[in-house]
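[1] Just need the structure, nothing else, for what follows:
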Amino acid sequence: METVFPLPDEIAQGHLGRWRFINGFSSNSTCMNYLRQKTKELEVGQSDIPDVNILACCSEVDIRIYQGLHTLLPFVSFTVPDDQRLEGGWAPKIVRKYGMRLPRQFAHFCPACVGDDVYRRGFSYWRRAHQLPGSYWCAKHPTVRLHETKSKQSFEREPQFWLLNGQSVPQNLPEEIRNNSISHRFSEACRSMLKVTSGQNNGIVRRLLVERAISKGIATGAQHLTSQKYQRLSDLVKEELPVVLQAELCESLLNKCKREYLDEIDGAIGFPTYQEIPRSIGTAFAIIFLYSSVQEAISEFESAGRLLQQSSLERIFTGGRYNISAVAAELKISESIAGKIIFANRHSISLKISQEIGAQV
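    Residues are numbered from 1 along each chain as shown. This is a model prediction of the structure:
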């Protein structure tokens, strides 16, 4: 069995495909079953190891590094609460659920990157950045449209296989979309979310988005469903996003009525009840409509995360949740009473946290 090491920005599904091809397995699932058994023999110490972690172990790569550089976890779970993010990795339950999830229906690649790969390495591979929503032209080759393959076995073969056999097609979007400002900023936001630094506190990111939305008079989550006072984030998106991109990125926008709640987008700025479901596309839209630049948003998220870890609130607020035991100890009350206080005052507590961090930023 030959060990197959991951390449720069190679996505886990494609990396598994190279494991399959180089070692002669009939399918990716067959290969994964073998690697799973091999991992058990290594006595890793877990009974239900996520596929992503198995690939990391078998490839002799640190699990946290593999998760951050070879999956879409940083993007897909950008605001999903996870206490282990403070340590630079993801909890196994998050990895199992989202580690191999793709935000787009088909597999995508850049023909120019394929040519470069074949020239330099003799083969091509699948990149994470090409699988992000909003990626229609290659960031490295800006004039080259990405190709898509619709086979369910796309990642089992190298991109050049689909290209040379005429089984891939360029994405069918008008050329003017390439220079559309909203499209450009959305792609930038998605790429920035993918490059998230280790230790980011995912829970505080959503709270910062909520507070910024409130300050701009935008309804948060499912609140004010019948109110005519508040504008929705999805209203802003529908007004400015070209129809062809609405169909591509969030088809529900096409038939959306004004002030109607659209979960895929408006849920991105919801309160704690909405946190468990990732809404990465909605989060990317929140970033570009609530901030003057993508860089401003990312800098605020990173600064808030660092300050939260350094502040007295770190024990109380971790991974998007309140630590009931820490609150009880701080106030010298029972955990039962602390839990009731948190439930009754969770919004005002989140405001206090955002204000404290905002003052320091």
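
[2] Can you tell me how far Trp34 is from Ile49?
    Actually, residue 34 is Tyr rather than Trp. According to Cβ to Cβ, to the nearest Å, Tyr34 and Ile49 sit 14 Å apart. (C-beta placed from N, C-alpha, C; glycine too.)

[3] oh, I was asking about Glu176
    Separation of Glu176 from Ile49 (Cβ to Cβ): 47 Å.

[4] When those two are compared, which one has more neighbours?
    The residue with more neighbours, out of Glu176 and Ile49, is Ile49; 20 against 10, by other Cβ atoms under 10 Å.

[5] quick one: contacts for the more buried one?
    36, 39, 57, 92 (Cβ atoms under 8 Å, 6 or more residues apart in numbering).

[6] shouldn't the last one be in contact with Asn53?
    I take that to be Pro92. Yes - using Cβ atoms under 8 Å, Pro92 is in contact with Asn53, at 7.4 Å.

[7] neighbour count winner among these two?
    Higher neighbour count among Pro92 and Asn53: Asn53, with 22 against 17, using other Cβ under 10 Å.

[8] Excluding covalently adjacent residues, which one is nearest to the more buried one?
    Leaving out its chain neighbours, the residue that sits closest to Asn53 by Cβ to Cβ, 6 or more residues apart in numbering is Ile63, at 5.1 Å.

[9] tell me, what residue is most central in this protein?
    Phe75 (1.6 Å; Cα atoms, centre = their mean).

[10] Now intersect the contacts of Ile49 with the helices, please.
    36, 39, 57, 92 (DSSP state H).

[11] Contacts for the host helix or strand of Tyr34 next, please.
    Under the criterion of DSSP states H and E, Tyr34 resides in helix 28-41. For helix 28-41, contacts defined as Cβ under 8 Å, 6+ apart pick out 1, 13, 16-17, 19-20, 23, 25, 49, 51, 54-55, 57-58, 153, 155-156.

[12] give me the element Glu188 is part of.
    In the assignment (DSSP H and E), Glu188 maps to helix 181-194.

[13] so how many other residues sit close to the nearest residue to Asp62 once chain neighbours are set aside?
    Using Cβ to Cβ, 6+ apart and skipping residues adjacent in sequence, the residue nearest Asp62 is Ala56, 7.0 Å away. Number of residues near Ala56 (other Cβ under 10 Å) recorded here: 25.

[14] what comes up buried for stretch 207-224?
    Going by neighbour count (16 or more other Cβ atoms under 10 Å), the buried part of stretch 207-224 is 207-213, 218-221.

[15] among the residues you listed, which two are most distant?
    The distance between the two most remote of these (Cβ to Cβ) is 16.8 Å, for Leu208 and Ala219.

[16] Check what pLDDT Tyr230 gets.
    Listed pLDDT for Tyr230 reads 75.

[17] gap between Ala1 and Cys58?
    No Ala there; residue 1 is Met. Computed as Cβ to Cβ, the Met1 to Cys58 distance reads 9 Å.

[18] Which of these two has more residues huddled nearby?
    Cys58 (20 against 11).

[19] what ranges of the chain fall below the confidence cut-off?
    Residues of the chain meeting the criterion pLDDT under 70: 41-47, 81-88, 196-203, 221-229, 271-277, 305-324, 326-333, 336-361.

[20] Would you mind splitting it into its domains for me?
    For the chain, automatic domain parsing gives the domain ranges 1-181, 182-292, 298-360.
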